[in-house]
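Peer 1: Got a predicted structure plus its sequence, pasted below:
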Amino acid sequence: MAIRIVRLGSERSPGEGLRIGTVRRPPRGVPKAEFASRNYYDVWYPELSPEADLMQQALQSIKLRAAGQTAEADKLWAQFEKLFRKQLAEPAAQRTLALLAALSQSSAFSVGCYCEDEAHCHRSILRSLLRDQGAVIDNQI
């Protein structure tokens, strides 16, 4: 069994298990009753998403990268990553990461976000922190 790191809204893989949405907000325009059937998530867990102001910083980094301003985007992303890791170093977040890591030893489930590019998404940081906690990670993307 393992944790799979996914893009919310993508097709589910066989054996993926419960899908946990680590996003600040539910998907726009989607009725709550359809979150799971549209492959967003089964359980919403915003506690593992960046705080709102921090999320704006990540989005700005993505916009800069799209505009070709790579150096500025990289600097902003590094700042975002440092602050998000600090957010997840809080005791409650550490307990959640430890719980997910322990569950990954015997259960199949996934965590995810909406972002298209995992390399510039908080789920890449979640992947790293879960691995640091000893989680079994399914590397299929």
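Peer 2: That came through fine. Remember, predicted model here, so these are calculated numbers, not experimental data.
Peer 1: State which helix of this structure is the longest.
Peer 2: Secondary structure assigned by DSSP state H gives helix 70-87 as the longest helix of the chain.
Peer 1: Distance from the chain centre to it, please.
Peer 2: Chain-centre distance of helix 70-87: 15 Å, with CA atoms, centre = their mean, to the nearest Å.
Peer 1: Output the contacting helices and strands for the next helix or strand after it.
Peer 2: For helix 70-87, the following helix or strand on the C-terminal side (DSSP states H and E) is helix 91-103. For helix 91-103, the packing partners by 3 or more CB pairs under 8 Å, 6 or more residues apart in numbering; DSSP states H and E come out as helix 122-132. No exception for glycine: its C-beta is placed from N, CA and C like everyone else's.
Peer 1: Which strands border the helix or strand following the helix it packs on, and is each parallel or antiparallel?
Peer 2: Downstream of helix 122-132, the first helix or strand assigned by DSSP H and E is strand 137-138. As defined by DSSP bridges, the strand partners of strand 137-138 come to strand 3-7 (parallel).
Peer 1: hmm, who's touching the partner strand?
Peer 2: Residues outside strand 3-7 that contact it (CB atoms under 8 Å, 6 or more residues apart in numbering) are 13, 16-17, 19, 100, 104, 108-116, 118, 123-124, 126-127, 130, 135-138, 140-141.
Peer 1: same question, stretch 58-71
Peer 2: With CB under 8 Å, 6+ apart as the criterion, stretch 58-71 contacts 50, 72-74, 76-77, 80, 84, 115, 117, 120-122.
Peer 1: How far does that stretch sit from its chain's centre?
Peer 2: With CA atoms, centre = their mean, you get 19 Å for stretch 58-71.
Peer 1: How about it, which residues are buried there?
Peer 2: For stretch 58-71, a neighbour-count test (16 or more other CB atoms under 10 Å) marks 58, 61-62, 64-65 as buried.
Peer 1: Now list the buried members of the contacts of strand 3-7.
Peer 2: 16-17, 19, 100, 104, 108-113, 115, 118, 123-124, 126-127, 130, 135-136, 138.
Peer 1: Report the central residue of this structure.
Peer 2: Arg123 (3.0 Å; CA atoms, centre = their mean).
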